[in-house]
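Asker: Attaching a predicted model along with its sequence, questions to come.
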Amino acid sequence: GNYRTQLWDKQSESFLPSTPGLGMHVEVKDPDGKVVLSRQYGSEGRFTFTSHTPGEHQICLHSNSTRMALFAGGKLRVHLDIQVGEHTNNYPEIAAKDKLTELQLRARQLLDQVEQIQKEQNYQRVRRG
């Protein structure tokens, strides 16, 4: 997931980009209520997690700063973009970090696709249950 926040500005009566001092806490729970991610981030950021349980997940974002919220008149806007599946992997970054050849990288992508298909099949089985 990618997110960015905006604070309400009373003077201009509009939402402005948040100050870097604002912190956001991101918590993700799987369908069994188990916490799979709990981390502190800045006013904008990117979070990733791998789910091992099929089903509906809960994503909670909340500001760590009540001071900022009160200063902003209590209004905080959060823009959230969620991407799911193996296509969310940044393969050029993975290749550079792991020093992979083009063939090794393609094999990695194919394995990720197979894993994603298996997860989707398992999810469909659970839904039909």
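Answerer: Sure, I can see it.

Asker: Which elements pack onto the biggest helix by length in the chain?
Answerer: Longest helix in the chain by number of residues (criterion: DSSP state H): helix 102-128. If contacts are counted by 3 or more CB pairs under 8 Å, 6 or more residues apart in numbering; DSSP states H and E, helix 102-128 sits against helix 91-98. C-betas here are computed from N, CA, C, even on glycine.

Asker: Give me the angle between the helix it packs on and helix 102-128.
Answerer: When axes from the mean of the first three to the mean of the last three CA atoms, to 10 degrees is applied, the directions of helix 91-98 and helix 102-128 differ by 120 degrees.

Asker: Make residue 1 into 26 and carry on from there
Answerer: Sounds good: first residue 26 from here, last item helix 116-123.

Asker: Pull the residues that contact helix 116-123.
Answerer: 125, 129, 130, 133, 134 (CB atoms under 8 Å, 6 or more residues apart in numbering).

Asker: can we see that at 6 Å?
Answerer: Under the criterion CB atoms under 6 Å, 6 or more residues apart in numbering, residues residue 130 lie in contact with helix 116-123.

Asker: Same question for stretch 70-88.
Answerer: Contacts of stretch 70-88 (CB under 6 Å, 6+ apart): 26-27, 49-56, 61-62, 94, 101, 103, 147-148, 151.

Asker: Can you say which of those residues are buried?
Answerer: Those of the contacts of stretch 70-88 that meet the buried threshold are 26, 49, 51, 53, 54, 55, 61, 62, 94, 101, by 16 or more other CB atoms under 10 Å.

Asker: Show me the two of these that sit farthest apart.
Answerer: 55 and 94 (28.6 Å; CB to CB).

Asker: can you list the weak-confidence ranges in the protein?
Answerer: Within the chain, the ranges that satisfy pLDDT under 70 run 90-99, 110-114, 154.

Asker: make it 50
Answerer: Within the chain, no stretch has pLDDT under 50.

Asker: quick one on the thing from earlier: can you point out the buried residues in the longest helix of the chain?
Answerer: 130, 133, 134, 137, 144.
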